[in-house]
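Undergrad: sequence and computational prediction follow.
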Amino acid sequence: MDVFIPIFIVMVVVVSTFVIFLFFSLKLKKGSFSSVSSKNESALMEKALKQIKKNPDNYEALCFAANVYYKKGAHDQALELYRRAANSPDIAKEKKEKEAEINKRISEIYLKKGIIDEAYKYIIVARSINPDDFESNYMFGYLEFMRRNYEKAVNILKQVCALHPAHIPAVRSLGHSYFRMGKNKEALHFIKQAIEMDPKDKESLKVLAECYMESFQNDQALRIYQHLRLDPVFGPESCLKSGIIHLSFGRNDEAIADFEIGLKHKSIPLNVELEIRYQLASAYINQNKIDKAMGELSQLDQKSPGYKDVVSLIAKYHEFCANRNMQIYAMESPTDFLALCRRIPAAYYPKARVNITKSIMEGGDWADIVADVDTPKMSETVIFRFVRTTEGIGEFVIRDFHTCIKSIKAGKGICMGIGVYSEGAKHFSQTRLIELVEKPRLLALFNLIEKKQAATSK
């Protein structure tokens, strides 16, 4: 009896080895998409590669090895083997569904690699073989979206969503397609659905905010942008959009806070950074913080020479930095502006006795000062008009000024401004009792006022 025990053990080992070998062989012969345990996968993979070496057209071995590579993320190796399997003569013996699956998998890999045209080519083949396959139809719609054929994408994805309304990628892609087409109402419907199904989808959340913004629902857009401000990917642009909305509401402090958070992001696209700095400079200008605005404008000019109107803004506000009175004249409160204007008539007539009798502020655009001016040679009423704009001063302003001169029966009218008078304004003033004082002369008067103030304070 003891003699038979070793013989029995040997027989068990031999039979076991044969069974395992037979199991591996059968596994390899069965469909390439069969599930295999990780314990056996490496042995089967080794066997598949050996069979491919012997027969490069071995369809089952090619598919098995390609699947293993795909699962491991080795997409280049998987792609090569899938393509060989698709061209294998043995594929004709297989069911058409398998051929469609291979072409779909090739399309998936090309999509992962960002090679959209190749992905599109193979998904067309997959759909032609199996037009009812849900995933192939979804991929077809998504690839039309990626190729910017948004109308085609919508038509396909609507059918996909009708079949499976809870398919998140299809609902999401449909919403994004509608948004790219400018159909915000439809986009809002599907993007909201996608976010409800996947609340972590921050890109869709950003697109939802853009839909709201383009639909003039700025309050809803603002809430989303505020929520996304610290996100490392969507944060910089969200800070920019949030700041722009705050600026439109006249909330300069909130806008500045948004822009400053945006600039603190470690990774920020250059175009977003440039626009944030530009808008930040605008917010500082609104607050009359010219030094800070100039700092942002200077950085913009260094990073992107010629960006928008930065060069002209630097030239314009450089004068404001150098001349405090000019800054008051153009940018400070109406009260400060009017106080400065009341000091100018005496500087204009330094040797006369000037008595201001009336001050009129017209909507913040200009101020009229009526003064009695007495000199040894003349005594008359003079009306001064001080125009705040830094842009052109047109004929309408001068015609209105002429009406005021006649209404108070002033002997003379003097119009001053830091903007440029139009040809029409100049022509109209030539035949009337109106003197046009241009920017250089006004700056000289500012200097006289400053010197007088300095002398008085000593």
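TA: That came through fine. Numbers count the residues shown, from 1 in each chain.
Undergrad: in the chain, which spans are strands?
TA: 353-362, 366-374, 379-387, 392-393, 412-417, 420-421, 434-437 (DSSP state E).
Undergrad: turn those strands into TSV, including mean neighbour count and mean pLDDT.
TA: All C-beta spots, glycine's among them, are computed from the backbone N, C-alpha and C. Shown next, in TSV, are the strands of the chain (neighbours: other C-beta atoms under 10 Å; pLDDT from 0 to 100):
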stretch	mean neighbour count	mean pLDDT
strand 353-362	14	91
strand 366-374	20	94
strand 379-387	20	94
strand 392-393	18	92
strand 412-417	22	94
strand 420-421	18	94
strand 434-437	18	94
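Undergrad: for Lys50, find the nearest of those strands.
TA: strand 392-393 (84.2 Å; C-beta to C-beta).
Undergrad: any idea how far Gly363 is from Ala61?
TA: Separation of Ala61 from Gly363 (C-beta to C-beta, to the nearest Å): 85 Å.
Undergrad: higher neighbour count, these two?
TA: Set side by side, Ala61 and Gly363 show more neighbours around Ala61, with 28 against 6, by other C-beta atoms under 10 Å.
Undergrad: these two touch, right, the more buried one and Ile52?
TA: Yes - between Ala61 and Ile52 there is a contact at 4.9 Å, judged by C-beta atoms under 8 Å.
Undergrad: re the thing from before, dump the strands of the chain to TSV, plus distance to Pro131.
TA: Listed next are the strands of the chain as TSV, based on distance: least, C-beta to C-beta, whole Å:
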stretch	distance to Pro131
strand 353-362	73
strand 366-374	73
strand 379-387	72
strand 392-393	65
strand 412-417	73
strand 420-421	69
strand 434-437	78
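Undergrad: so which of the ones you listed gets nearest Leu228?
TA: Closest among the strands of the chain, once you apply C-beta to C-beta, is strand 392-393, at 41.2 Å.
Undergrad: so which of the strands of the chain gets nearest Ile314?
TA: strand 420-421 (18.6 Å).
Undergrad: what sits up against the closest one?
TA: Glu391, Gly392, Ile393, Ile398, Leu436, Glu438, Lys439 (C-beta atoms under 8 Å, 6 or more residues apart in numbering).
Undergrad: what does stretch 353-371 give?
TA: Residues contacting stretch 353-371 (C-beta under 8 Å, 6+ apart): 334, 337-338, 341-342, 344-346, 372-375, 381-389, 397, 401, 404, 408, 410.
Undergrad: stretch 387-398 too?
TA: 316, 329-330, 337, 364-366, 385, 415-422, 424-425, 427-429, 434, 436.
Undergrad: so, low pLDDT: which residues of the stretch 1-150 of the chain?
TA: Along the stretch 1-150 of the chain, the model assigns pLDDT under 70 to residues 1-39, 92-94.
Undergrad: all helices of it, in order?
TA: Taking DSSP state H, counting those that start in this stretch to define them, one finds helices in the stretch 1-150 of the chain at 4-29, 38-54, 59-71, 75-86, 96-112, 116-129, 134-146, 150-163.
Undergrad: deepest in the core, which of the ones you listed is it.
TA: Highest mean neighbour count among those (mean count of other C-beta atoms under 10 Å): helix 59-71, with a mean of 23.
Undergrad: which helices and strands does that helix pack with?
TA: Packing partners of helix 59-71 (3 or more C-beta pairs under 8 Å, 6 or more residues apart in numbering; DSSP states H and E): helix 4-29, helix 38-54, helix 75-86, helix 96-112.
Undergrad: let's see that with 7 Å instead.
TA: helix 4-29, helix 38-54, helix 75-86 (3 or more C-beta pairs under 7 Å, 6 or more residues apart in numbering; DSSP states H and E).
Undergrad: picking up where we left off before, identify the contacts common to Ala61 and Ile52.
TA: Overlap of the contact sets of Ala61 and Ile52 (by C-beta atoms under 7 Å, 6 or more residues apart in numbering) is empty.
Undergrad: nearest residue to Met331 in space, ignoring adjacent ones along the chain?
TA: In space, and not counting its chain neighbours, Met331 is closest to Asn288: 5.0 Å by C-beta to C-beta, 6 or more residues apart in numbering.
Undergrad: tabulate the helices of the stretch 1-150 of the chain (a markdown table), appending distance to Met197.
TA: Below are the helices of the stretch 1-150 of the chain laid out as a markdown table (distance: least, C-beta to C-beta, whole Å):
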| stretch | distance to Met197 |
| --- | --- |
| helix 4-29 | 38 |
| helix 38-54 | 32 |
| helix 59-71 | 26 |
| helix 75-86 | 28 |
| helix 96-112 | 22 |
| helix 116-129 | 24 |
| helix 134-146 | 15 |
| helix 150-163 | 12 |
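Undergrad: and the strands of the chain: which comes nearest Glu186?
TA: Of all the strands of the chain, it is strand 392-393 that lies closest to Glu186, at 44.6 Å by C-beta to C-beta.
Undergrad: show me the contacts for Gly419.
TA: If you count contacts by C-beta under 7 Å, 6+ apart, Gly419 has them with Val387, Thr389, Thr390, Glu391, Gly392, Ile393.
Undergrad: list the contacts of the closest residue to Lys241 other than its chain neighbours.
TA: Nearest residue to Lys241 in three dimensions, chain neighbours excluded: Tyr225, at 4.9 Å (C-beta to C-beta, 6+ apart). Contacts for Tyr225 (C-beta under 7 Å, 6+ apart) come out as Ala209, Ser238, Lys241, Ser242.
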